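sequence-free structure coming up:
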């Protein structure tokens, strides 16, 4: 009888083995709510890349990938609930696609020892891995974006913006407020005048802000918006005949959704990006063969190659590479969250590796370390061609002003460390 029970127990363990061995990358998505137009393509790109790895490669390192999706509707409370309901499934990394959710999850992922990647969003000072050991924001952050926008403006102005006026139109939330300190410091350095124009959620009412812009006539407008706010802002800019090539959005204000409703009027609008555009890459041929044409796409397949779809795909590619790195470091395909963190801290994205994956020149080369969880702060400028209905890069990747950005990161992270009694862990 004892032998039979032992055999049954062993059989149960063997049956449970494959389920435990799979690599789990939860998707905190929002396919509903006021920001669904951006949430849907990101979730599709994220899921489709992992489906491609499963169908073409048999997963990552021989382990199949599972992407449980949980709807947050871009609501912070729901985002936390989704985290709590999925973390026990063997979650290896979270990408909340929301600054509000990110702030709430920082203490949770730290306690649970599950990495969180917030590319181009979240708490900028989390770049300091010495203070935020479980949070990453490579390859660029909000403060990098603000700096690169100003660098582009300075170049457009022949190297001098002293006396110029720059207005920031921003989502009145933790996200939208992120660049303010950086833009204030840059204004001290370069001598421009900064005007702050908050827009309340969801952003459909902006008449007063754009009346002020028409009255004060800033030389440039920078926008940190999301969802319908972007569409309304672009249309309002068209209505007051603001020069569109002097209107610059952060990367969350630079998708097709933001400019198509304004038609020809949006021509020339600019936006930052930390990855390339379109679908003219070898990987997309495989994506169509193994995922889209095979009927295994996460969505309708109509978002492939769009800006936010590419961002979701890029996010999945980065964590997949980190998972491979973790497997190599620890000599096992069955990695844990702690092992995943090691892989993320050892991540080295080179142009050679991106070309091997079928994504040549898709994003900036960068390297992560214990202390540097954010990369080197490079972003490029894209511009909208209304006739062709396409975005195109109009600059190379530009590095943010680290003389301004890094001290802000150091100061903010040091204050957080002092408040929370965090000791240095990196050599």
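Ah, there it is. Note that this is a predicted model, so its numbers are computed, not measured. Residues are numbered from 1 along each chain as shown.

in the protein, which residue is most central in space?
With distances taken as CA atoms, centre = their mean, residue 119 lies nearest the centre of the chain, 3.3 Å away.

any idea how far residue 398 is from the nearest residue to residue 162 once chain neighbours are set aside?
Take residue 162 and drop its neighbours on the chain: the residue closest to it by CB to CB, 6 or more residues apart in numbering is residue 191, 3.4 Å away. In this view, the C-beta of every residue, glycine as well, is placed from N, C-alpha and C. Distance of residue 191 to residue 398, given as CB to CB, to the nearest Å: 20 Å.

the more surrounded of these two?
For residue 191 versus residue 398, neighbours defined as other CB atoms under 10 Å are more numerous around residue 398 (20 against 12).

can you tell me the closest non-neighbouring residue to the more buried one?
Nearest non-adjacent residue to residue 398 (CB to CB, 6+ apart): residue 148, at 5.0 Å.

try residue 196
In space, residue 196 is closest to residue 168, 5.4 Å off (CB to CB, 6+ apart).

any stretches of this structure with poor pLDDT?
Along the chain, segments meeting pLDDT under 70 span 1-21.

circling back: test my guess that the residue nearest to residue 162 contacts residue 165.
No: between residue 191 and residue 165 there is no contact under CB atoms under 8 Å: 11.2 Å.

which parts of the stretch 101-250 of the chain are strands?
116-117, 135-136, 165-171, 193-199, 220-224, 247-249 (DSSP state E, counting those that start in this stretch).

which elements pack onto the first one?
Here strand 116-117 touches helix 99-112, strand 135-136, helix 307-330, going by 3 or more CB pairs under 8 Å, 6 or more residues apart in numbering; DSSP states H and E.

most packed of those?
Ranked by mean neighbour count, the helices and strands packed on strand 116-117 are led by strand 135-136 with a mean of 28 (mean count of other CB atoms under 10 Å).

that older thread, relative to residue 65, which of the helices and strands packed on strand 116-117 is closest?
helix 307-330 (7.8 Å; CB to CB).

starting at the chain centroid, how far to that closest one?
12 Å (CA atoms, centre = their mean, to the nearest Å).

okay if I get the helices and strands packed on strand 116-117 as JSON lines plus distance to residue 65?
Output for the helices and strands packed on strand 116-117, formatted as JSON lines (distance: least, CB to CB, whole Å):
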{"stretch": "helix 99-112", "distance to residue 65": "20"}
{"stretch": "strand 135-136", "distance to residue 65": "19"}
{"stretch": "helix 307-330", "distance to residue 65": "8"}
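
ok, which of the ones you listed comes nearest residue 407?
It is, among these and with distance given as CB to CB, strand 135-136, at 19.7 Å.

pairing partners for the closest one, with directions?
With DSSP bridges as the test, strand 135-136 is paired with strand 116-117 (parallel).

now do the residue nearest to residue 196 against residue 212, distance only.
Counting by CB to CB - residue 168 and residue 212 are separated by 12 Å.

need the residues touching each of the two.
Residues touching both residue 168 and residue 212 by CB atoms under 8 Å, 6 or more residues apart in numbering: 195, 197.

could you break the protein into its assigned domains?
Here the domain assignment for the chain is 2-140+277-377, 142-273, based on automatic domain parsing.

same list (the ones you listed) but as TSV, adding distance to residue 420.
Below are the domains of the chain laid out as TSV (distance: least, CB to CB, whole Å):
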stretch	distance to residue 420
domain 2-140+277-377	8
domain 142-273	18
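
among those domains, which comes closest to residue 386?
In this view, the domains of the chain are compared for proximity to residue 386 by CB to CB, and domain 142-273 is the closest at 3.6 Å.

ranges for the helices of the stretch 101-250 of the chain?
142-156, 174-177, 180-190, 207-216, 228-239 (DSSP state H, counting those that start in this stretch).

can you say which of those is packed in most?
Scoring the helices of the stretch 101-250 of the chain by mean count of other CB under 10 Å, the most buried comes out as helix 142-156, with a mean of 24.

show me what that helix packs onto, helices and strands only.
Using 3+ CB pairs under 8 Å, 6+ apart, helix 142-156 sits against helix 180-190, strand 220-224, strand 247-249, strand 270-273, strand 378-385, strand 398-399, helix 402-419.

just put those in TSV and tack on distance to residue 61.
Output for the helices and strands packed on helix 142-156, formatted as TSV (distance: least, CB to CB, whole Å):
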stretch	distance to residue 61
helix 180-190	39
strand 220-224	38
strand 247-249	38
strand 270-273	30
strand 378-385	29
strand 398-399	33
helix 402-419	33
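
and of these, who's closest to residue 197?
strand 220-224 (8.6 Å).

sheet-wise, list the partners of the closest one with their directions.
Here, using DSSP bridges, strand 220-224 pairs with strand 165-171 (parallel), strand 247-249 (parallel).

in TSV: those, plus distance to residue 48.
Formatted as TSV, the strands paired with strand 220-224 follow (distance: least, CB to CB, whole Å):
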stretch	distance to residue 48
strand 165-171	28
strand 247-249	25
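
ok so, going back, return the residues in contact with the residue nearest to residue 196.
Contact analysis of residue 168 by CB under 8 Å, 6+ apart lists 179, 180, 183, 194, 195, 196, 197, 221, 222, 223, 224.

mind running it again at 7 Å?
Residues near residue 168 by CB atoms under 7 Å, 6 or more residues apart in numbering: 179, 180, 183, 194, 196, 197, 222, 224.

just the buried residues from the residues you listed, in PyMOL please.
To isolate the buried ones among the contacts of residue 168 in PyMOL, judged by 16 or more other CB atoms under 10 Å, type:
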select buried, resi 179+180+183+194+197+222+224
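
burial of the closest residue to residue 305 other than its chain neighbours, as a residue count?
Excluding its sequence neighbours, the residue lying closest to residue 305 (CB to CB, 6+ apart) is residue 279, at 3.1 Å. As a burial measure, residue 279 scores 15 neighbours (other CB under 10 Å).

how much space between the residue lying closest to residue 348 once chain neighbours are set aside and residue 344?
Nearest non-adjacent residue to residue 348, counting by CB to CB, 6+ apart: residue 367, 4.8 Å away. Using CB to CB, residue 367 is found at 12 Å from residue 344.

OK, contacts around the residue lying closest to residue 198 once chain neighbours are set aside?
Computed as CB to CB, 6+ apart, the closest residue to residue 198 that is not its neighbour in sequence is residue 172, at 3.9 Å. Going by CB under 7 Å, 6+ apart, residue 172 touches 198, 199, 200, 201.

so which of the helices of the stretch 101-250 of the chain comes closest to residue 67?
helix 174-177 (24.4 Å).
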